[in-house]
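> Sequence below, structure please.
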Amino acid sequence: MNKLSMKVFLAILVCAGIFFVLNLYNNGSVSALDKNVYKDIKTFNEVFDMVKKNYVEEVDSTTLIQGAINGMIRSLDPHSSYMTPELYKEMEVETQGQFGGIGIEITILKDVLTVVSPIEGTPAFAAGVKPGDQIIRIDGKSTKDITTIEAVKKLRGPKDTKVTITIMREGITSPQDIVLTRAIIQVKSVRYKIFEDGIAYVRIASFHERTSDDVRKTLRDLNDKVRPMKGLVLDLRNDPGGLLLQAIEVADMFLSSGVIVSTRGRTKNMETKSVARNDMNEITCPIVVLVNEGTASAAEIVAGALQDNGRALVVGTQTFGKASVQTIIALEDGSALKLTTGRYYTPNGRSIQAEGITPDIVVKYAIPSEETVSEWERERYTREKDLKGHIKPEKKDKTKDDKIKNKEIVDSADLALDNQLKTAVDILKGWDIIKNNIRG
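Next up is the predicted model:
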């Protein structure tokens, strides 16, 4: 067998192996590949052979095969992806909460690389990168057809090295270059403040490997400093999520019983249910959870768990609506598949996919009057439902829709600075008064 034939044979084995993996995860057992699959593999073989023989320049076989895999996975949904060994290592670094880069959350919106949010205290934040900015070039090269993982690889790098992003933004007439110096991005997952009247504030920026430990330590510190703690504001605004297990552990800190989250997929092994444990040391004071359009994934799990269990009042605006579960499947060569394998459900059985969580009290963020911001700036948040190829929401029970219509809406147009936080604090300050009046 000559070298080309061997490579084609290996390519066919790769494709067959991918179908094998998908069948294994979708059916729980290995089923026989039908004739159509064999036809498709034969077509792939023919195309591979034509490209190798006739393309204007010689192309490496590995490049072609990885491109084919990428194309297949990208056709599924925005959150499934194929990671080369190098990209897989990058992802593992990210979950540890520290990496070299510029500090932005990105996604693909309408086929364009788009900023979801800059991370506070990072080079991107300091340079004025804003949510909704479209990154059309990185170091002069077009981002057309780029994946988020490929973009992350280009944007990250050693500390003190430079990268230039070219952005388009509403209100500017031509592309704008922003030169950024990379830094070590240490995502401070948790921080806290103490307000008057025994009101504590905890902000969770994302859910990575240390988040639950950080929250646990924060709550211990607050218990030592605020006696008694009359209320807690849990701020999950612009929290893009992260690790599912970390979200479960954090929610468990505020619950002594009840379901936290359940997951369901096409196979039995994807059906899970996480239940709160009574550790006898849960926070018992009233809680208000702040959410907005940037609250996604793991952050929505926490908000939904506390809302459905009646443990917290959720205040803010409709959340992002990402209720799909991604499983990382490591492959033998060090690469990996990040594959959407199920949906998660809140304790009441709600799937919020492409819909999000509706707050108990809807409070729109009021931009301070001294800032001149366009109407587009106010409305340009990206949600799961805006992503190309997103998983569609399940059909909902009309009775649940009726309940949502009855949610209270607070007019916050005249409030200055962070009116959402002010509303949360005011609710907690008046909690005892409201409770006593209801009892009376």
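
> How is the chain divided into domains?
Split into domains by automatic domain parsing, the chain comes to 3-75, 98-186, 190-327+341-439.

> Please identify which of the ones you listed is closest to L87.
Nearest to L87, of all the domains of the chain, is domain 98-186, at 5.2 Å by CB to CB. In short, each C-beta sits where N, CA and C put it, glycine included.

> on that earlier part again, is it possible to export the domains of the chain to JSON lines including distance to M83 and mean pLDDT?
What follows is the domains of the chain, written out as JSON lines (distance: least, CB to CB, whole Å; pLDDT from 0 to 100):
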{"stretch": "domain 3-75", "distance to M83": "10", "mean pLDDT": "72"}
{"stretch": "domain 98-186", "distance to M83": "6", "mean pLDDT": "89"}
{"stretch": "domain 190-327+341-439", "distance to M83": "11", "mean pLDDT": "82"}
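
> Run a quick neighbour tally on K144.
10 (other CB atoms under 10 Å).

> Please report how far it lies from V112.
8 Å (CB to CB, to the nearest Å).

> packing partners for the top strand by length along the chain?
Longest strand in the chain, counting residues (DSSP state E): strand 336-345. For strand 336-345, the contact count by 3 or more CB pairs under 8 Å, 6 or more residues apart in numbering; DSSP states H and E identifies helix 3-27, strand 81-83, helix 85-95, strand 259-265, strand 324-330 as packing neighbours.

> Adding distance to L87, write the domains of the chain out as JSON lines.
Output for the domains of the chain, formatted as JSON lines (distance: least, CB to CB, whole Å):
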{"stretch": "domain 3-75", "distance to L87": "11"}
{"stretch": "domain 98-186", "distance to L87": "5"}
{"stretch": "domain 190-327+341-439", "distance to L87": "14"}
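
> Hmm, I178 and V129 touching each other?
Yes - taking CB atoms under 8 Å as the definition, V129 is a contact partner of I178 at 6.6 Å.

> if I look at these two, which residues touch both of them?
I165, I167 (CB atoms under 8 Å, 6 or more residues apart in numbering).

> more neighbours, these two?
V129 (23 against 17).

> what's near enough to touch the more buried one?
I102, I104, V115, P118, I165, I167, I178.

> Three-state assignment for the third one, please.
This points to V115. Under DSSP: H, G, I helix; E, B strand; the rest coil, the three-state class of V115 is strand.

> Grab the nearest non-local neighbour of it.
D133 (4.4 Å; CB to CB, 6 or more residues apart in numbering).

> what about the strands in the stretch 201-350 of the chain?
Applying DSSP state E, counting those that start in this stretch to the stretch 201-350 of the chain gives strands spanning 231-235, 259-265, 272-275, 287-291, 312-316, 324-330, 336-345.

> I146 against L113, yeah?
Yes - at 5.9 Å, I146 counts as touching L113 under the criterion of CB under 8 Å.

> and those two? which has more neighbours close in?
Neighbour tally, I146 and L113, criterion other CB under 10 Å: the higher count belongs to L113, 27 against 20.

> wait, what's in contact with that one?
With CB under 8 Å, 6+ apart, L113 has these contacts: I106, Q134, I135, I136, T143, I146, T148, A151.

> would you list every one of the helices in the stretch 251-400 of the chain?
For the stretch 251-400 of the chain, helices defined by DSSP state H, counting those that start in this stretch occupy the ranges 298-308, 375-379, 398-405.

> Likewise for the stretch 51-200 of the chain?
61-74, 85-95, 123-126, 148-155.

> I'd like these written out as CSV, with distance to S262 added.
CSV is the format used below for the helices of the stretch 51-200 of the chain (distance: least, CB to CB, whole Å):
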stretch, distance to S262
helix 61-74, 26
helix 85-95, 23
helix 123-126, 36
helix 148-155, 28
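
> nearest to Q246, of those?
Per CB to CB, nearest to Q246 of the helices of the stretch 51-200 of the chain: helix 85-95, 9.3 Å.

> Which neighbouring elements make contact with that closest one?
Using 3+ CB pairs under 8 Å, 6+ apart: helix 85-95 touches helix 148-155, strand 336-345.

> Skipping its backbone neighbours, what lies nearest G198 in space?
Nearest one to G198, counting by CB to CB, 6+ apart, is K230 at 3.7 Å.

> That neighbour against E196, yeah?
No - K230 lies out of contact with E196 (CB under 8 Å); the separation is 10.1 Å.

> In terms of packing, which of these two has more residues around it?
Neighbour tally, K230 and E196, criterion other CB under 10 Å: the higher count belongs to K230, 16 against 7.

> quick one, what contacts that one?
D197, G198, I199, C285, P286, L428, K429, W431, D432.

> before we move on, what about Y365?
So Y365 contacts N292, G316, T317, S412, D418, N419, Q420 (CB under 8 Å, 6+ apart).

> how about these in TSV, adding distance to V190?
Formatted as TSV, the contacts of Y365 follow (distance: CB to CB, whole Å):
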residue	distance to V190
N292	18
G316	19
T317	22
S412	26
D418	18
N419	23
Q420	19
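
> For those residues, work out which two are farthest apart.
T317 and D418 (13.4 Å).

> Looking only at neighbour counts, state which of the two leads.
Neighbour tally, T317 and D418, criterion other CB under 10 Å: the higher count belongs to T317, 21 against 16.

> Pretty sure the more buried one sits against G294.
No - applying CB under 8 Å as the test, T317 and G294 come out as separate, 9.6 Å apart.

> thinking again about what came up before, please identify the most buried of the helices and strands packed on helix 85-95.
Highest mean neighbour count of the helices and strands packed on helix 85-95: strand 336-345, a mean of 21 (counted as mean count of other CB atoms under 10 Å).

> now the angle from that one to helix 298-308?
Counting by axes from the mean of the first three to the mean of the last three CA atoms, to 10 degrees, strand 336-345 lies at 20 degrees to helix 298-308.

> contacts for strand 336-345?
Under CB under 8 Å, 6+ apart, the answer for strand 336-345 is 21, 25, 73, 76-77, 79-83, 88, 91, 244, 261-266, 270, 301, 323-331, 351, 353, 391, 394.

> buried residues in stretch 267-277?
Neighbour counts using 16 or more other CB atoms under 10 Å place M270, S274, A276 of stretch 267-277 among the buried residues.

> do stretch 184-197 as well
I185, V187, S189, V190, Y192, F195.

> K364 reaches E293, doesn't it?
No - K364 is not in contact with E293 according to CB under 8 Å; the separation is 10.2 Å.

> Quickly list what's touching both of the two.
T317.

> who has more neighbours, those two?
Shown here are K364 and E293; by other CB under 10 Å, E293 has more neighbours (23 against 16).
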